[in-house]
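Trainee: Need coordinates for the following:
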Amino acid sequence: MFCLNFVKMKIFLLYISVFLFLWSCEQAPKQNQNSPKWSKEQSTALSQSIAKEEEIAIKLYLKNRPDWKMTKTASGLRYWIYEQSDGELPNDGDIVKVAFEIRLLNDSLCYQTEKGENSKFMVNKSDVESGIMEGVKLMPEGSSAKFILPSHLGHGLLGDFDKIPPLEVLVFDLTLNAIQK
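Mentor: Residues are numbered from 1 along each chain as shown. I've put the predicted structure just below:
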């Protein structure tokens, strides 16, 4: 009896050994040896392509708004200060209080401050969109402006992981209510 159980045990172990051997011999996941090489030139070409597409979209958007007298900066920011005041301009390090509305080019609302409320940030010291940092320095206190931010001046390749999708042009309507030195 002991001999028979011993033989069965050996056969069982042999089967397990063969199974484990065959299982471990399966091909390991191959690393993608044909992964594309991405060059600086390809990155540049992609960025230029995105910029051209956004430029076309912005021009079409503005064609439907002929009363918006936009000025374009070297960075690609477009702005129009439609309510001008005689207040002073903010400087780096000043805290500004603003009311705003953010929309996409299809006019869908992403964010806005509550009526009578302000959002505040420090000029050139906060994590606010770079296009807004550039634009708010052009606005005297008490002014209101429209800004169109290409994606590279807004939330870029990733969006904000909430209401602003990746690679979106943003339209801001912003009022600079106060500057604190």
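
Trainee: And for stretch 87-95, what's in contact with it?
Mentor: Outside stretch 87-95, the residues within contact range by C-beta atoms under 8 Å, 6 or more residues apart in numbering are 96, 120-125, 136-143, 176, 179-181. For the C-beta atoms, the positions are set from N, CA and C on the backbone; glycine is no exception.

Trainee: Quick check on the residues you listed: which are buried?
Mentor: Buried residues within these, counting neighbours by 16 or more other C-beta atoms under 10 Å: 96, 121, 123-124, 136-139, 141-143, 176, 179.

Trainee: Farthest pair within the residues you listed?
Mentor: N124 and G142 (20.6 Å; C-beta to C-beta).

Trainee: At which residues are the strands of this structure located?
Mentor: Secondary structure of the chain, counting by DSSP state E: strands at 71-72, 78-83, 95-104, 109-112, 119-122, 144-149, 170-180.

Trainee: right, so those: which one is the most enclosed?
Mentor: Comparing the strands of the chain by mean neighbour count (mean count of other C-beta atoms under 10 Å), strand 144-149 ranks first with a mean of 23.

Trainee: between that one and strand 95-104, how many degrees?
Mentor: 60 degrees (axes from the mean of the first three to the mean of the last three C-alpha atoms, to 10 degrees).

Trainee: start the count at 3, not 1, going forward
Mentor: Sounds good: first residue 3 from here, last item strand 146-151.

Trainee: which residues touch strand 146-151?
Mentor: So strand 146-151 is contacted by 60, 63-64, 70, 72, 79-85, 131, 133-134, 137, 140-141, 171-178 (C-beta under 8 Å, 6+ apart).

Trainee: Would you mind identifying the helix or strand in this protein with the lowest mean pLDDT?
Mentor: The weakest-scoring helix or strand in the chain, judged by mean pLDDT, DSSP states H and E, is helix 4-26 (a mean of 60).

Trainee: on that earlier part again, out of the strands of the chain, flag the one nearest K42.
Mentor: strand 146-151 (25.4 Å).

Trainee: For the closest one, what does the pLDDT average out to?
Mentor: Over the span of strand 146-151, the pLDDT mean works out to 98.

Trainee: which intervals of the protein have sub-threshold pLDDT?
Mentor: 3-35, 37 (pLDDT under 70).

Trainee: Please give me every residue in contact with P142.
Mentor: Applying C-beta under 8 Å, 6+ apart, the residues near P142 are 86-91, 178.

Trainee: From the residues you listed, list just the buried residues.
Mentor: Judged by 16+ other C-beta under 10 Å, buried ones among those: L178.
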